[in-house]
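Asker: Provide a 3D model corresponding to the input given below.
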Amino acid sequence: MRIVALLKQTFDTEEKVRIRGGAFEEDGVKFVINPYDEYAVEEALRLRERHGGHVVVVSVGPERCAEALRTALAMGADEAVLLEEPPEGADEAVLSRLLAAYIRSQPFDIVLAGHVSVDRGGGQVALRVAELLDIPHVATVIRIEADEAAGIAVAVRDMEGDEASVETPLPACFTAQQGLNEPRYPTLPGIMKAKKKPLSRLTAEDLGLTAAELAPLTRATALYPPAPRQAGRLIEGGSPAERARALVKSLREEAKLL
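Answerer: Numbers count the residues shown, from 1 in each chain. As a prediction, the model looks like this:
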């Protein structure tokens, strides 16, 4: 079984996010594997342990992302691939095209990814990849059982307080929800072995993508921190209807929310 795990490097969740000049300040910031992607990598390793096969971890980004990929190799992945992000940047559409172009060039049975990243929180990339590859997609998975011989997988989805079981043919894409597993820590032997495992670097040109395919569909026009929280205000006096009107007026004229 050949399994591809999509991985993103994000800010450590304990880091204080700073914005300078309309961009995130990265100097001195600690980066880690996106926690939801870590569940995906762990599940890929567990599927390989049950069924045999090969686990490839793939990321799009600058050279610093190699550190996250090496961590995944130390966890036990067999191979890592770093896809170069276009110089002008990439939105979710471009990221998914890069990832899908690489995955399409390789045999695969399962694609795993975190269902969301803790920095942007869009939850788009894995869904877009599945669409581009024309394979089924099952989101927010908390259990996966694969039957390689039958060519199917049964996944249990988290449904915000309930669960749903979904059977899908393979190949398929699954996004990992918290509770799917408990990611392992890289061991010293794993860290030493990771140094000898392949970590390839590919460009969009290597993947045969054109400039038009690398054109973002969206762009960020402004990036700024939220306004400081202000003290709450209690609306007193008058009837309930009068207080309601005062609240609506405040939301419209002061908070600009209506």
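
Asker: Please enumerate the strands of the stretch 1-150 of the chain.
Answerer: 2-6, 9-11, 19-20, 23-24, 31-33, 54-61, 79-84, 110-114, 137-147 (DSSP state E, counting those that start in this stretch).

Asker: where does K193 fall, phi/psi-wise?
Answerer: phi -70, psi -30 (degrees, to the nearest 10).

Asker: give the contact list for it.
Answerer: K193 sits next to 73-74 when contact means C-beta atoms under 8 Å, 6 or more residues apart in numbering. Quick note: C-beta positions are derived from backbone N, CA and C, even for glycine.

Asker: Could I get the pLDDT score of it?
Answerer: You'll see K193 listed with a pLDDT of 94.

Asker: what does G21 give?
Answerer: 69.

Asker: and what of T175?
Answerer: Per-residue pLDDT puts T175 at 96.

Asker: For beta bridges, what are the partners of it?
Answerer: Under DSSP bridges, the beta-bridge partners of T175 are A113.

Asker: So what sits opposite I33 in the bridge?
Answerer: Taking DSSP bridges as the rule, I33 bridges to Q9.

Asker: Please tell me how far it sits from G190.
Answerer: Per C-beta to C-beta, to the nearest Å, I33 is found 14 Å from G190.

Asker: Neighbour count for the two, which is higher?
Answerer: Neighbour count, other C-beta atoms under 10 Å: between I33 and G190, I33 has more, with 25 against 17.

Asker: That one contacts Y39, correct?
Answerer: No - using C-beta atoms under 8 Å as the test, I33 is too far from Y39 to be in contact (9.9 Å).

Asker: and the end-to-end length of stretch 126-141?
Answerer: Using C-alpha to C-alpha, to the nearest Å, the span of stretch 126-141 from its first residue to its last is 13 Å.

Asker: before we move on, the earlier item: can you tell me which of the strands of the stretch 1-150 of the chain is packed in deepest?
Answerer: Among the strands of the stretch 1-150 of the chain, ranked by average contacts under mean count of other C-beta atoms under 10 Å, first place goes to strand 110-114 (a mean of 28).

Asker: contacting residues for Q106?
Answerer: Contact partners of Q106, counting by C-beta under 8 Å, 6+ apart, are 2, 4, 56.

Asker: contacting residues around the helix ranked longest in the chain?
Answerer: Longest helix in the chain by number of residues (criterion: DSSP state H): helix 35-51. Residues from elsewhere that reach helix 35-51, judged by C-beta under 8 Å, 6+ apart: 1, 3-8, 13, 33, 53-55, 57, 72, 75-77, 110, 112-118, 144, 146, 148, 174-178, 180-184.

Asker: Same check on stretch 125-134?
Answerer: Identification of contacts with stretch 125-134 by C-beta under 8 Å, 6+ apart yields 6, 8, 92-93, 95-97, 99-100, 103-104, 111, 113-115, 117, 136-137, 139, 171-173, 175.

Asker: So among those residues, which ones count as buried?
Answerer: Buried positions within those, assessed by neighbour count (16 or more other C-beta atoms under 10 Å), are 6, 8, 92-93, 95-97, 99-100, 103, 111, 113-115, 117, 136-137, 139, 171-173, 175.

Asker: picking that back up, so which of the strands of the stretch 1-150 of the chain comes closest to L209?
Answerer: Nearest to L209 among the strands of the stretch 1-150 of the chain is strand 79-84 (10.0 Å), distances taken as C-beta to C-beta.

Asker: Can you give the strand pairings for the closest one, parallel or anti for each?
Answerer: With DSSP bridges as the test, strand 79-84 is paired with strand 54-61 (parallel), strand 199-202 (parallel).

Asker: What's the separation between V129 and C173?
Answerer: Per C-beta to C-beta, V129 is found 6 Å from C173.

Asker: any residues in contact with both of those two?
Answerer: 111, 113.

Asker: Export the strands paired with strand 79-84 as CSV, with columns for distance to P86 and mean pLDDT.
Answerer: Below are the strands paired with strand 79-84 laid out as CSV (distance: least, C-beta to C-beta, whole Å; pLDDT from 0 to 100):
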stretch, distance to P86, mean pLDDT
strand 54-61, 9, 96
strand 199-202, 13, 95
